[in-house]
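A.B. asks: Next come a sequence and a model predicted from it.
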Amino acid sequence: MGVPVVTCPGETFASRHSLSHLSNVGLTETIARDFEEYVELAQLPQLDEQIAISKIS
């Protein structure tokens, strides 16, 4: 769909669900280690570039 996913896995299955999917497709750069990194990743302008690239491929 062209929307980047940023996740911050925690202790529950639901919080790790996106981690599994992102790892399987090789998008580990959008997996945060903590909440502060999650906020930083969500604000990166590079995420817009990832949207454009995913629409082309």
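C.D. replies: Received the coordinates, thanks.

A.B. asks: Asp34 and His21: what is the separation?
C.D. replies: Plainly put, Asp34 is 20 Å away from His21 if you go by C-beta to C-beta, to the nearest Å. (C-beta placed from N, C-alpha, C; glycine too.)

A.B. asks: I should have written Thr30 there, sorry.
C.D. replies: Relative to His21, and taking C-beta to C-beta, Thr30 is found at 11 Å.

A.B. asks: if I look at the two, which residues touch both of them?
C.D. replies: Val5 (C-beta atoms under 8 Å, 6 or more residues apart in numbering).

A.B. asks: which one of those two has more residues nearby?
C.D. replies: Set side by side, Thr30 and His21 show more neighbours around Thr30, with 18 against 12, by other C-beta atoms under 10 Å.

A.B. asks: For that one, give me the pLDDT.
C.D. replies: Thr30 carries a pLDDT value of 85.

A.B. asks: ok, now which ones touch it?
C.D. replies: 4-7, 22, 41, 47.

A.B. asks: what about the chain, any weak spots by pLDDT?
C.D. replies: Counting by pLDDT under 70, the chain has low-confidence residues at 1-2, 46-57.

A.B. asks: helix or strand for Tyr38, which one?
C.D. replies: helix 35-42 (DSSP states H and E).
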